[in-house]
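Asker: For reference, the sequence and a predicted model appear below.
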Amino acid sequence: MPAVPTRFVRAEDFAAVAQAVLPTDVWDYVAGGAGDERTVRANEEAFHRLTLVPRMLIDVGTRTLHTTALGVPLAGPIGVAPTSYHTMAHPDGELAVARAAGAAGLLNIVSVFSSTTLEDVAKAATGPLWFQLYCLRDRGLTRSLIERAEAAGYRAIVLGVDLPVIGYRDRDIRNAFRLPPGVRPVNLPVGTEQDPTLADLNAVLVDPRLTWQDVEWIRSVTDLPLVVKGIVAPSDAERAVQLGASGVLVSNHGGRQVDGSVATMTALPDVLDVVGGSAEVYLDGGVRRGTDVLKAVATGARVVFAGRPVLWGLAVDGESGVRAVLDLYLRELDLVMATCGCPDVASIGPHLLRNP
Ligand SMILES: Cc1cc2nc3c(=O)[nH]c(=O)nc-3n(C[C@H](O)[C@H](O)[C@H](O)COP(=O)(O)O)c2cc1C
Ligand SMILES: CC(C)CC(=O)C(=O)O
């Protein structure tokens with residue numbers, strides 16, 4: 001692994017520099033959440049509340065972080081959460097993120113609201129990709145996106161179910177946030193002439209009438225494995241798995257949808273109790289440190305994902321900035337595994353948690 005540049009010793013060191021280089025409204029869009037941003041903070045605080053009980057005198061001379069997600073080999077149990085419109089943060093946008101994730105050997109979930117076509121992202125990628133879909137009002141278009149993702153080599157469909165509408169985001173409302181010039185949802189047939197707010201643009205495209213029947217429909221139109229993203233209720237997780245989901249991504253959208261929503265690390269154990277035996281369970285929200293990754297994996301998450309930190313790295317230095325952020329997670333995880341007595345991911349378990 002490359003040496004850590006001393007200026008950036010933790011993922012959050014990238015945030016301050018990203019804030020300085022991004023226009024204020026773009027920074028607010030990335031950093032912000034719904035309402036008072038209590039859930040944005042709660043996601044991180046839930047990690048802080050969990051304490052570890054490291055184990056000693058276990059041979060950790062040879063360590064591996066390798067794991068799999070739905071059979072896909074990965075260099076570690078940390079991946080890139082889907083986030084929209086990467087060219088807002090850096091001109092190389094999604095291509096830089098795909099190259100960095102591929103070089104690190106980590107899973108990259110690409111948003112349907114990418115500012116580079118899903119085909120171009122797939123061409124640039126050297127590692128595994130999953131495609132995150134919102135079900136659109138136009139079902140023909142929704143289906144064609146799934147077919148395009150299949151043809152381009154994406155290995156799973158990640159259906160986002162927590163965004164029937166964009167949440168009440170104070171910062172974006174104050175800024176009347178619009179996409180910057182030249183940044184467009186290029187996977188979708190949206191004209192370049194309009195200039196609506198992001199929330200209005202979204203309302204035209206995404207279907208707020210989505211129900212479980214539509215999950216069944218999406219399941220039926222693809223052979224790719226289905227992951228349902230945006231679930232915190234165990235009963236929702238159960239239903240998703242009953243309808244054929246291979247994985248559940250426990251997420252509150254980084255606190256961007258429902259202020260006051262339960263923190264994802266608080267929700268995770270209950271979801272695992274219900275579906276942990278029959279599906280893979282992933283988590284995102286507030287993962288900032290290798291210790292956070294360890295705590296989520298110890299609780300039972302297969303892979304965890306980072307959203308904002310990847311955008312910080314992208315804004316700071318394109319592909320190498322993203323690579324540096326991902327390497328920090330891997331480096332921190334490697335060291336915390338060693339110091340907790342875990343030579344591999346399989347040996348990370350609930351015995352490491354004080355109050356699992
Ligand atoms: C700027 C931004 C854009 C996002 N866009 C999407 C998106 O297009 N699709 C999606 O499923 N989730 C989206 N998310 C949510 C992330 O996938 C993820 O759930 C969240 O960022 C994880 O929390 P973290 O940022 O604390 O790591 C977005 C998040 C941010 C910060
Ligand atoms: C374009 C938006 C719907 C992307 C998103 O999910 C978000 O901003 O949280």
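Answerer: Sure, I can see it. Ligands and ions are numbered 1, 2, ... in the order given.
Asker: how far away is Arg184 from Leu294?
Answerer: 39 Å (Cβ to Cβ, to the nearest Å). Using the backbone N, CA and C atoms, a C-beta is placed for each residue, glycine as well.
Asker: The two: which has the busier surroundings?
Answerer: More crowded of Arg184 and Leu294, by other Cβ atoms under 10 Å: Leu294, with 26 against 17.
Asker: Now do the contacts for the more buried one.
Answerer: The contact partners of Leu294, by Cβ atoms under 8 Å, 6 or more residues apart in numbering, come to Leu52, Leu333, Val336, Met337, Cys340, Cys342, Ile348, Leu352.
Asker: ok, the residues you listed vs Gly160, which is closest?
Answerer: Set against Gly160, the nearest of these by Cβ to Cβ is Leu333 (26.3 Å).
Asker: and that closest one, what is it in contact with?
Answerer: Leu65, Gly76, Pro77, Ile78, Gly290, Val293, Leu294.
Asker: quick one: secondary structure of it?
Answerer: Assigned by DSSP: H, G, I helix; E, B strand; the rest coil, the conformation of Leu333 is helix.
Asker: just for this structure, where's the confidence low?
Answerer: For the chain, the stretches with pLDDT under 70 are 1-5, 192-194, 356.
Asker: can you rerun that using 90?
Answerer: Along the chain, the model assigns pLDDT under 90 to residues 1-6, 190-195, 355-356.
Asker: Pull out the buried members of the contacts of Leu333.
Answerer: The neighbour count (16 or more other Cβ atoms under 10 Å) marks Leu65, Gly76, Pro77, Ile78, Gly290, Val293, Leu294 as buried among the contacts of Leu333.
Asker: Just those residues: which are in strands?
Answerer: Of the buried ones among the contacts of Leu333, the ones assigned to strands by DSSP state E are Ile78.
Asker: so, if you compare the buried ones among the contacts of Leu333, which one comes nearest to Leu205?
Answerer: Ile78 (30.0 Å).
Asker: What residues does the closest one make contact with?
Answerer: Ile78 makes contacts with Leu106, Val287, Val293, Val303, Val304, Phe305, Ala306, Leu326, Tyr329, Leu330, Leu333, as judged by Cβ under 8 Å, 6+ apart.
Asker: All good on my end, thank you.
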